[in-house]
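J.: my questions are about this predicted structure, shown below with the sequence.
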Amino acid sequence: MITTLIRRAIQAGFVVIAMTLIVFIGVNVIGNPVDILINPDLNQAERLRVIENLGLDQSLWRQYLSFLHGLTQGSFGDSFVYGRPALDVILERLPATLELALCAMVIAIVVGLPLGLYAGLYPDRVSSKLIMTGSILGFSLPTFWVGLMFILVFAVQLGWLPSNGRGDTAEFLGARWSFLTGDGLSHLLLPALNLALFKTSLILRLTRAGVQEVVMQDFVKFARAKGLRENRIILVHILKNLMIPVVTIIGLEFGSLIAFSVVTESIFGWPGMGKLIIDSINLLDRPVIVAYLMMMVVLFVSLNFIIDICYTLLDPRVRLDGKG
């Protein structure tokens, strides 16, 4: 077990190193930040001085080696736009995105899991068919359109909820959080619902498919033959055995919520990493772009590692080393 964990950690390290090369070269061969960041009225000498200060006068390989050297010291370089360490700029926005992703995932699990369980246990009921029809809409409707409709209905027409910004925040664990205040919670609700819509449908349909597969297994029929209560059969025998694929989806989709919440953050003016990366791409702020992408690489590698461990906790028959 320990040996396998160490081997997986080493493999993850190689993946991260390979991605540093792919991300760095991919970002640096596209566009020229000099054309955006430097005033065209500057003379040639001033332009060369700015280019040298940004480190863009060096060859691509020298820039990459300098980038790797900075990584060993926990630095991604200074932002071209903000003039501060790129990692600090991103970490300032991380709590907002993390809060939005967590809230959206909680909504998706709390709504999607019970509805999927119900639809799988009673597939012939009209309510189950309505639930599955709603899940198709959740898959089909574009996120940006749903977000605009939320704003139009709940913010403009009804005036129940705000449509922009993060609202009041309170400090907890050294960061500012919206869910700790009433005003912040009201600002959080619409973007979280918008972000959770697709994930809810995904978890719902996956849970329903898992239930329909598990209820046909012999151990469920045997449990019913023994006269066990239906609640115990559902919670202990059915739900536990369908959780492995659900946990996989939840783990990976949580990473995608953090990495790809760009559309929702842009629509609702949520000051998170998604909005920051869009602004950085428009301004070709390479250090911030690279730092963001590398954080996402580490996030997905870590989530996959955690999911592997969760497998063994949910089902002892599953082993990281493939034995047993």
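T.: All right, it came through fine.
J.: buried stuff in the strand or helix carrying residue 241?
T.: In this structure, residue 241 sits in helix 239-259 according to DSSP states H and E. Of all the residues in helix 239-259, those buried under the rule 16 or more other CB atoms under 10 Å are 239, 241-243, 246-251, 253-259. Where C-beta positions appear, they are placed from N, C-alpha and C, glycine not excepted.
J.: likewise for stretch 114-133?
T.: Residues of stretch 114-133 classed as buried under the neighbour-count rule (16+ other CB under 10 Å) are 115-121, 128, 131-132.
J.: starting at the chain centroid, how far to the helix ranked longest in the chain?
T.: Identified as the longest helix of the chain according to DSSP state H is helix 86-121. Offset of helix 86-121 from its chain centre (CA atoms, centre = their mean, to the nearest Å): 8 Å.
J.: helices and strands around that helix, which ones?
T.: Packing contacts for helix 86-121, counted by 3 or more CB pairs under 8 Å, 6 or more residues apart in numbering; DSSP states H and E, involve helix 126-140, strand 175-177, helix 182-214, helix 239-259, helix 262-267, helix 273-283, helix 286-314.
J.: which helix or strand in the protein has the lowest average pLDDT?
T.: helix 34-37 (a mean of 58; mean pLDDT, DSSP states H and E).
J.: for this protein, give me the ranges with low pLDDT.
T.: In the predicted model, the chain carries pLDDT under 70 at residues 1-2, 4-5, 28-44, 46-47, 50-58, 310-324.
J.: number of nearby residues for residue 173?
T.: 6 (other CB atoms under 10 Å).
J.: which phi and psi does it have?
T.: Torsion angles at residue 173 (phi, psi; degrees, to the nearest 10) stand at phi 60, psi 40.
J.: and if you look at residue 234?
T.: phi -70, psi -50.
J.: show me what contacts it?
T.: Neighbouring residues of residue 234 by CB atoms under 8 Å, 6 or more residues apart in numbering: 117, 121.
J.: re the thing from before, chain center to the helix holding residue 241, what's the gap?
T.: Counting by CA atoms, centre = their mean, helix 239-259 comes out at 11 Å from the chain centroid.
J.: and for stretch 161-178?
T.: Distance of stretch 161-178 from its chain centroid, counting by CA atoms, centre = their mean, is 19 Å.
J.: what do you get for stretch 130-140?
T.: Put simply, stretch 130-140 sits 22 Å off its chain's centre (CA atoms, centre = their mean).
J.: tell me how far the closest residue to residue 267 other than its chain neighbours lies from residue 273.
T.: Distances taken as CB to CB, 6 or more residues apart in numbering put residue 147 closest to residue 267, at 4.1 Å, once the chain neighbours are dropped. From residue 147 across to residue 273, the span is 18 Å (CB to CB, to the nearest Å).
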